[in-house]
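Undergrad: sequence first, predicted model second:
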Amino acid sequence: MTRVIVLAAGQGTRMKSKLPKVLHKVCNVPLIDRVLNSVVGIDKTPVVVLGHLKNVVEEHLTNSKYNVTIATQSKLPGTGSGARAGFEVLGSLEKSETVLIVTGDTPLISSETLSRLVDFHNNNSDDVTILSTNLYNPFGYGRIIRKNDKVTAIREQKDATEDEKKITEINSGIYAFKFDVLKKYLPQLNLNNAQRELYLTDIVEMSVKDGLNINAIATEDSLEVEGVNDHLQQMNLSKIQNLRVLEKHMKNGVTIIDPNNTWIDEDVIIEPDVIIEPGCYLTDGAVIHSGANIMLGSRIIGSEVGEKANIGPYAYLRPNNQLGVGSKVGAFVEAKNAKVGNGSKVPHLTYIGDAEVGENSNIGAGSIFANYDGVNKHHTKVGSNVKIGSKTVLVAPVEVGDNVYTGATTLVRHDIPSGSLAYSENHMNIVDNWVEENR
C-alpha cells in the first residue's frame, strides 16, 4: 500500500499574485490539479497540505473531481513542516509501507515516473528514495551528495560548499519513505540551517547516520520535476506542454500550420484531416470533426465543429455551439449556445447567441441575434433555406420559418411564417424625398 502527501501550502511570493500559487494554470489546468492527476493512480485519497489562502484552495478542491484529505501546515516554514502536517492526518500504516511525498507545483510530473519511483523504492527495500535529475545549470536546487555512489545527504544551495555547488544531480523534492522512517525523524527536524526552515531533506542525513538504506533514482526528463515559482517558469512549462499536445494531434493526422503560435488544451478532441491555421486557441473540451478548417486567429471554447466546417478567420465561439457538416462561421463572428445546421453559413461580422439555424441558410453580414432583454436570455429559431439580409436584427424570442427572405437592415420583432419576405421600410429615403420635393 502506498499513501501520498502533496505539499501545497507555499505562499508563492514570486508569483506576485493574490491567487494561491497552486491555482495558477499551465495550459488551462491548475498546478495542483495536474499533480493530483498524476498521483490518484497511486493513492485515490491523497492528503493535500494547505497553508497560504487555505480556504481558497480548499474550496477549489471541494468543487473538483478529487477525493482528498486536507491537512493544515503550521506557521513553521519549510517542507518538513508541511510533511509533518500531512503525516499527522495520514493515519496509521504498517511500518514498511510507503509514503510518497510530492510537491504541488511540479505540473509536468507524470504518473509513470511516480510509479517508477515507488516500484524502485519497494523493490530495493529502500528506507528513503529520492527522485532526482541532472541539470546543466543546477543553481538554486538542493544537490544530491554521494559517497561511493551511496547517497549521504541533500545539500540546499545556501548551505552548500563551493565543491558541492558543482554537482549537477539535484533533488526534485519528491520522495518515497518507509512509514516508520517518517514517524521517527519528522519530530526531530529543527531550524538549524541558513533559511531557518524545517527541511525534509534533513531526514536523509539522519537516516544516513543511523545506517539506513538511502537511494536516488533519476528521471531523464528534467522538465517533469521543474517547479513553478514565477510567471516566467509558468509560461515556459505551458509552452512545452502545449507543444507536446500539438505533437500528439499532428501524429494523429491534424495539420497545424504554425505550432509555435497555436494553443490547444488537453481536453480538446480533434479528428484527422483538420487544418488549424496560426493564432488559434481551442479549449474547454472543444470537439473538431474531420475535414474542418479552423482559420487564422479563431478561438473555440467548449463547442462542437462538424465535418468540413469552416471557422474564421478571427471567429469567437463561446461555449455550447453545435456547428453542422459543411457549415461556416466566418470572419469576426461571435457565437454562443448556437446550433447551426448542415450547410448553413454565418459568414461575417455577426453575433449569434441562444439560437438555432436550420440547414442551408445564410445569415447576412452584420446581423445580430438580440437574445438579451436586460434581465433574461431568449431563444431565436431560424428555419432551413432562409436568407437573412445584411444588418438584420432578430429580437428574441422570435421564430423565422423555412424559405424566408429578409431585406437588409430588417428589424424582426415578430414570428415570420415560412415562405415570406420580410423587410423594414427605410425611413431615410422618405426624408430625402420630402427634402427634395420641398426645396
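TA: Structure received.
Undergrad: show me the contacts for Thr262.
TA: Each residue near Thr262 by CB atoms under 8 Å, 6 or more residues apart in numbering is listed here: 246, 256, 276, 278-281. C-beta coordinates here come from the backbone N, C-alpha and C atoms, glycine included.
Undergrad: now, these that are in strands?
TA: 256, 276, 281 (DSSP state E).
Undergrad: got JSON lines for these, with pLDDT and neighbour count too?
TA: Below are those laid out as JSON lines (pLDDT from 0 to 100; neighbours: other CB atoms under 10 Å):
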{"residue": "Ile256", "pLDDT": "98", "neighbour count": "21"}
{"residue": "Ile276", "pLDDT": "98", "neighbour count": "28"}
{"residue": "Tyr281", "pLDDT": "98", "neighbour count": "17"}
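Undergrad: tell me which helix or strand in the chain has the weakest average pLDDT.
TA: Least confident helix or strand of the chain, by mean pLDDT, DSSP states H and E, is helix 427-437 with a mean of 52.
Undergrad: can you list the low-confidence ranges for the stretch 51-200 of the chain?
TA: 194 (pLDDT under 70).
Undergrad: so which residues of it form helices?
TA: 54-62, 79-90, 111-123, 162-165, 179-185 (DSSP state H, counting those that start in this stretch).
Undergrad: specify the angle between the strand ranked longest in the chain and helix 111-123 in degrees.
TA: As assigned by DSSP E, the longest strand anywhere in the chain is strand 169-178. Per axes from the mean of the first three to the mean of the last three CA atoms, to 10 degrees, the angle that strand 169-178 makes with helix 111-123 is 60 degrees.
Undergrad: closest to Ala370 out of the helices of the stretch 51-200 of the chain?
TA: The closest approach between Ala370 and any of the helices of the stretch 51-200 of the chain, judged by CB to CB, belongs to helix 54-62 at 36.2 Å.
Undergrad: now Tyr372. Its backbone dihedrals?
TA: phi -120, psi 120 (degrees, to the nearest 10).
Undergrad: just to revisit the earlier point, can you redo the helices of the stretch 51-200 of the chain as CSV with distance to Asn320?
TA: Output for those, formatted as CSV (distance: least, CB to CB, whole Å):
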stretch, distance to Asn320
helix 54-62, 23
helix 79-90, 40
helix 111-123, 32
helix 162-165, 55
helix 179-185, 48
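Undergrad: Val329 is nearest to which of those?
TA: helix 54-62 (33.2 Å).
Undergrad: what's the most buried one of the helices of the stretch 51-200 of the chain?
TA: Scoring these by mean neighbour count under mean count of other CB atoms under 10 Å gives helix 79-90 as the most buried, with a mean of 23.
Undergrad: which strands and helices sit next to that helix?
TA: Other helices and strands packing on helix 79-90, by 3 or more CB pairs under 8 Å, 6 or more residues apart in numbering; DSSP states H and E, are strand 2-7, strand 47-50, strand 69-72, strand 98-103, helix 179-185.
Undergrad: mind running it again at 6 Å?
TA: strand 2-7, strand 47-50, strand 69-72 (3 or more CB pairs under 6 Å, 6 or more residues apart in numbering; DSSP states H and E).
Undergrad: in stretch 394-412, what's buried?
TA: Residues of stretch 394-412 classed as buried by neighbour count (16 or more other CB atoms under 10 Å): 394-396, 398-402, 404-410, 412.
Undergrad: stretch 247-267 now?
TA: So stretch 247-267, judged by 16+ other CB under 10 Å, has buried residues 249, 254, 256, 259, 262-267.
Undergrad: next, format the residues you listed as CSV and append distance to Leu131 and secondary structure.
TA: Listed next are the buried residues of stretch 247-267 as CSV, based on distance: CB to CB, whole Å; DSSP: H, G, I helix; E, B strand; the rest coil:
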residue, distance to Leu131, secondary structure
His249, 30, helix
Val254, 34, coil
Ile256, 33, strand
Pro259, 30, helix
Thr262, 32, coil
Trp263, 30, strand
Ile264, 29, strand
Asp265, 27, coil
Glu266, 23, coil
Asp267, 27, coil
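Undergrad: dump the residue contacts of Ala218.
TA: Residues in contact with Ala218 (CB atoms under 6 Å, 6 or more residues apart in numbering) are 132-133.
Undergrad: and it, what are its bridge partners?
TA: Beta-bridge partners recorded for Ala218 (DSSP bridges): Ser132.
Undergrad: break this protein down into its structural domains.
TA: For the chain, automatic domain parsing gives the domain ranges 2-225, 234-433.
Undergrad: quick one: distance of the longest one to the chain centre.
TA: Going by CA atoms, centre = their mean, to the nearest Å, the spacing between the C-alpha centre of domain 2-225 and its chain's C-alpha centre is 23 Å.
Undergrad: repeat that for stretch 357-370.
TA: Worked out by CA atoms, centre = their mean, stretch 357-370 lies 33 Å from the chain centre.
Undergrad: quick one on the thing from earlier: ok, which pair from the buried residues of stretch 247-267 is furthest apart?
TA: Among those, Pro259 and Asp267 lie farthest apart (CB to CB), at 18.6 Å.
Undergrad: circling back to that earlier point, of the buried residues of stretch 247-267, which is the nearest to Ile154?
TA: Using CB to CB, these come closest to Ile154 at Glu266, 32.9 Å.
Undergrad: follow-up on the earlier one: looking at the contacts of Thr262, spot the one nearest Ser64.
TA: Out of the contacts of Thr262, the member with the shortest distance to Ser64 (by CB to CB) is Tyr281, at 23.4 Å.
Undergrad: first vs last residue of stretch 396-409, how far apart are they?
TA: 16 Å (CA to CA, to the nearest Å).
Undergrad: typo on my end, stretch 341-350
TA: Note: stretch 341-350 ends 16 Å apart using CA to CA.
Undergrad: in TSV: the ones in strands among the contacts of Thr262, plus distance to Pro107.
TA: TSV is the format used below for the ones in strands among the contacts of Thr262 (distance: CB to CB, whole Å):
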residue	distance to Pro107
Ile256	22
Ile276	24
Tyr281	19
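Undergrad: tell me if I'm right that Pro319 and Ile300 touch.
TA: No: using CB atoms under 6 Å, Pro319 makes no contact with Ile300, being 9.7 Å away.
Undergrad: looking at these two, which one has more neighbours?
TA: A side-by-side neighbour count of Pro319 and Ile300, using other CB atoms under 10 Å, places Ile300 first with 31 against 15.
Undergrad: what strand or helix carries the more buried one?
TA: Assessed by DSSP states H and E, Ile300 sits inside strand 299-301.
Undergrad: show me what contacts the closest residue to Ala396 other than its chain neighbours?
TA: Leaving out its chain neighbours, the residue that sits closest to Ala396 by CB to CB, 6 or more residues apart in numbering is His378, at 3.6 Å. His378 sits next to 371, 396-397 when contact means CB under 6 Å, 6+ apart.
Undergrad: okay then, goodbye and thanks.
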